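In: quick one, structure for this:
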Amino acid sequence: MASSWTGERVRLRAIEPDDWTAFKRLADEEGRAGSRLHLPRSAESLRVWVREQAVAGSGDDRFRLDDCFRLVVESTATGEWVGAVGTHHASPRSGRFEFDVAIAVDHRRRGYATEALVLLLRFMFAERRYHKCLATVFAHNEASLALTRRLGFVEEGRLRQHVFFAGRYHDLVLTGLLADEFDLRHAVSGP
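Out: Residues are numbered from 1 along each chain as shown. I've put the predicted structure just below:
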């Protein structure tokens, strides 16, 4: 591993202003997938959002005050943009945070999400000293549930008929992973 942000398949990097087109493609894919319906977004609003993300948290101490951030997932083999990963609802006082990951349709099922999340979780647990990561997944999203299980997340509960979209209510599965559970499954090898 060349750095803490690079694995065998993926490299996590900061968002650059030119990434807006990749984020636009990802948003379009999610809209076609028939999941949650969002209002259409203009290209300009996406460019502004990506530009804001690109300059957010600059400086050496950028994660000190806010451990909520988003990174681009690139293929190490091709350097191609394959998706994004991020943290949210981070509470240093409580020691917990949540994550999200989105991989472009033509890059799924190649291990990119798993490796990107291992890199992200390793940073949050080992460097930022968080104790627990929470993930909420739609009960019908078998691929995402399988991903969390592979990473070692344990189902902690279910919110029945909790979210309404596509004409009906959907259950959310609550999963959690503790830092020591992560360390047992994803120990860093070597110095």
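
In: can you tell me what sits against the strand or helix carrying A116?
Out: Per DSSP states H and E, A116 falls inside helix 112-122. Helix 112-122 has contacts (C-beta atoms under 8 Å, 6 or more residues apart in numbering) with 4-10, 12, 71, 73, 75, 82-83, 85, 87, 99, 101, 103, 133, 147, 150-151, 177, 182, 186, 188. Quick note: C-beta positions are derived from backbone N, CA and C, even for glycine.

In: same deal with stretch 129-136?
Out: By C-beta under 8 Å, 6+ apart, stretch 129-136 touches 67, 89-90, 92, 95-99, 121, 124-125, 148, 153, 159, 172-179, 182.

In: so which bits of stretch 5-23 are buried?
Out: Going by neighbour count (16 or more other C-beta atoms under 10 Å), the buried part of stretch 5-23 is 5-7, 9-12, 14-15, 19-20, 22-23.

In: identify the farthest-apart pair in those.
Out: Checked with C-beta to C-beta, those reach their widest spread between G7 and W20, with 25.2 Å between them.

In: packing partners of the helix or strand of the chain with the lowest mean pLDDT?
Out: Here the helix or strand of the chain ranked lowest by mean pLDDT, DSSP states H and E is helix 20-32, holding a mean of 81. On a contact count with 3 or more C-beta pairs under 8 Å, 6 or more residues apart in numbering; DSSP states H and E, helix 20-32 meets helix 43-55, strand 81-91.

In: what is the helix or strand that the first one is followed by packed up against?
Out: What that stands for is helix 43-55. Using DSSP H and E, the next helix or strand after helix 43-55 towards the C-terminus is strand 70-75. Using 3+ C-beta pairs under 8 Å, 6+ apart as the contact test, the elements touching strand 70-75 are strand 10-13, strand 81-91, helix 112-122.
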